[in-house]
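Q: what's the 3D shape of this:
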Amino acid sequence: MDPIRNPYAPGAGSPPPELAGRDALREQVRVCVERLRHGRPAKSVLMIGLRGVGKTVLLDQMRRDAEAAGIQTIRMEAPEHRSLPALLAPQLRLALLRLSRVDSAKDLAIRGLRALAGFAGKLKVAYRDIEVGLDYEPEPGLADNGDLESDLSALLEQAGQAARSAGTVLAIFIDELQYVPEPQMAALISALHRCAQLQVPVAMIGAGLPQLRGRMGEAKSYAERLFDFPALGPLAQADARDALVKPAHSEGADIEPQAVDTIIAQTEGYPYFLQEWGKHAWDMAPASPITAADVTNASREAVAALDENFFGVRFDRLTPSEKKYLRAMAELGPGPHRSGDIAEQLGRPVQSLGPTRANLIAKGMIWSPTHGDTAFTVPLFDRYMKRIMPGQAWKHDEA
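A: Residues are numbered from 1 along each chain as shown. Below is the predicted model:
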């Protein structure tokens, strides 16, 4: 099998050759933005799911879908140590500049750029990482109070009015939304709520880890009425099969049904893992069709690649005490697990582990499905922890 023609694409946000099982969500977002374009109310869409379920890939495809339909989009990823205003300001500037080239929206877009100048100028004191080019002088009294919640509402309202005049929608695509600090999240929710009240066509299409829904509810109690939170999980059997078989067929190759079943069993249908196993099975197979024996031979390479990249980069960010906490979770299985059971594995009082647990949640490694429960945000991470910290010596290591 020619490795140059290998169709599988494991990678952070790399588009798979076959985006299987996500058509319903793409349609949900399409309907959302088209309703807004027609002046009808619609809930913004925030996808939640574990690592490796394809949130970033789907978010980018939804953006391409929207742009193909003439929607004005901006795209950003919320890192752990950068403010929301710093992310939004340069992207909103680009959107407003594009809208200013539309005759029907020119005046409103220019007013939006004046609002942006006031927004950046006043908030730069509180958010020093804001860096944005200013094309017009600020308009006194427009988005320049120095209060993020009111200023962001005014700014998005102006941008939305310009989009409406251009016969389009401003669609804000944000990845890793769970990393936005709560006060900034509250301001964003409030601004989107105000746009909805004024029937201004602004939508947010976001993606984040499962804790996102709870964090947004804590930021603003009405958030669950403002957004839809579709959950992304592993692919159904038929969709997982398509994700493996169709790319091989596109290159004139085949993969035996038993080989497909073996990969699905190994990966539990998670899209990223399907791509990893597919890639290594293709490279291992001497010729078409890819057999179950090829998949078995490729599994060692697939696991090693995951350990070095997908799992390893997350493990390397952890402190010794955090590693030990996750190893105790792994000892109990995939999860979720009660905090008391994890503490028992570690021989520690539950209360003493609170800071470690909080740090792991902040790093996006675990989340709490229900009060007192703890689960991995990374699929199959329990298996990895047992490979990287085998045996029982970890119980006696100093953390």
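Q: CA atoms for contacts and neighbours, from now on please.
A: Noted.
Q: list the contacts of the closest residue to Ala166 other than its chain neighbours.
A: Distance criterion C-alpha to C-alpha, 6 or more residues apart in numbering; nearest residue to Ala166, sequence neighbours excluded, is Ala105 at 5.1 Å. Residues in contact with Ala105 (C-alpha atoms under 8 Å, 6 or more residues apart in numbering) are 99, 162-166.
Q: and of those residues, the nearest to Phe173?
A: Taking C-alpha to C-alpha as the measure, Phe173 lies nearest Ala163 of the contacts of Ala105, at 15.7 Å.
Q: quick one: secondary structure of the closest one?
A: Under DSSP: H, G, I helix; E, B strand; the rest coil, the three-state class of Ala163 is helix.
Q: hang on, isn't it packed against Thr73?
A: No: Ala163 is beyond contact range of Thr73, at 10.4 Å (criterion: C-alpha atoms under 8 Å).
Q: can you show me the helices along the stretch 51-200 of the chain?
A: Secondary structure of the stretch 51-200 of the chain (DSSP state H, counting those that start in this stretch): helices at 55-68, 84-100, 106-123, 148-165, 182-197.
Q: any residues touching the fourth one, and which ones?
A: So that's helix 148-165. Contact with helix 148-165 is made by 37, 72, 92, 96, 99, 104-106, 108-109, 111-112, 115-116, 119, 123, 142-145, 169-170, 184, 186-188, 190-192, 194-195, 200-202, as judged by C-alpha under 8 Å, 6+ apart.
Q: just the buried residues of those residues.
A: Buried members of the contacts of helix 148-165, counted by 16 or more other C-alpha atoms under 10 Å: 37, 72, 92, 96, 99, 104-106, 108-109, 111-112, 115-116, 119, 123, 142-144, 169-170, 184, 186-188, 190-192, 194-195, 200-202.
Q: so what does Asp228 have for phi and psi?
A: phi -100, psi 140 (degrees, to the nearest 10).
Q: wait, doesn't it sit right on Val45?
A: Yes: with contact defined as C-alpha under 8 Å, Asp228 reaches Val45; the gap is 4.9 Å.
Q: compare these two (neighbour count), which wins?
A: More neighbours surround Val45 than the other of Asp228 and Val45, with 21 against 17 (other C-alpha atoms under 10 Å).
Q: and the more buried one, what are its phi and psi?
A: Main-chain dihedrals, Val45, degrees, to the nearest 10: phi -120, psi 120.
Q: please report the distance of the closest residue to Asp147 other than its chain neighbours from Ala159.
A: Of all residues not flanking Asp147 in the chain, Leu123 sits nearest, at 7.5 Å (C-alpha to C-alpha, 6+ apart). Leu123 sits 18 Å away from Ala159, going by C-alpha to C-alpha, to the nearest Å.
Q: also Lys43?
A: Per C-alpha to C-alpha, Lys43 is found 18 Å from Ala159.
Q: compare the two (neighbour count), which wins?
A: Ala159 (29 against 23).
Q: what does the model give that one for pLDDT?
A: Ala159 is assigned 98 on the pLDDT scale.
Q: swap in the one 10 residues further on?
A: According to the prediction, Val169 has pLDDT 98.
Q: ok, now Asn309?
A: Residue-level pLDDT assigned to Asn309 equals 89.
Q: let's have the contacts of Ala105 in CSV, adding pLDDT and distance to Val313.
A: Output for these, formatted as CSV (pLDDT from 0 to 100; distance: C-alpha to C-alpha, whole Å):
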residue, pLDDT, distance to Val313
Leu99, 98, 40
Ala162, 98, 42
Ala163, 98, 40
Arg164, 98, 43
Ser165, 98, 46
Ala166, 98, 44
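Q: make a markdown table out of those and add distance to Val53.
A: Shown next, in a markdown table, are the contacts of Ala105 (distance: C-alpha to C-alpha, whole Å):
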| residue | distance to Val53 |
| --- | --- |
| Leu99 | 34 |
| Ala162 | 35 |
| Ala163 | 32 |
| Arg164 | 34 |
| Ser165 | 37 |
| Ala166 | 35 |
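Q: farthest-separated two in the residues you listed?
A: Farthest apart among those by C-alpha to C-alpha are Leu99 and Arg164. That separation is 10.0 Å.
Q: roughly how far apart are the closest residue in space to Ala120 that isn't next to it in sequence and Glu276?
A: With C-alpha to C-alpha, 6+ apart as the criterion, Ala120 has its nearest non-adjacent residue at 6.8 Å, and that residue is Ile130. In this view, Ile130 and Glu276 are 38 Å apart by C-alpha to C-alpha.
Q: compare those two (neighbour count), which wins?
A: The neighbour count for Ile130 versus Glu276, taken as other C-alpha under 10 Å, is higher for Glu276 (23 against 20).
Q: related to what we said a few turns ago, what's the spacing between the residue nearest to Ala166 and Pro16?
A: Distance, Ala105 to Pro16, by C-alpha to C-alpha: 37 Å.
Q: cool, and Ala186?
A: The spacing between Ala186 and Pro16, counted by C-alpha to C-alpha, is 34 Å.
Q: how about Glu268?
A: 17 Å.
Q: so which of these two has more stuff around it?
A: The residue with more neighbours, out of Glu268 and Pro16, is Pro16; 22 against 18, by other C-alpha under 10 Å.
Q: show me the domain layout of this structure.
A: 23-232, 236-314, 319-395 (automatic domain parsing).
Q: as CSV, those with distance to Pro7 would be great.
A: Converted to CSV, those look like this (distance: least, C-alpha to C-alpha, whole Å):
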stretch, distance to Pro7
domain 23-232, 16
domain 236-314, 6
domain 319-395, 24
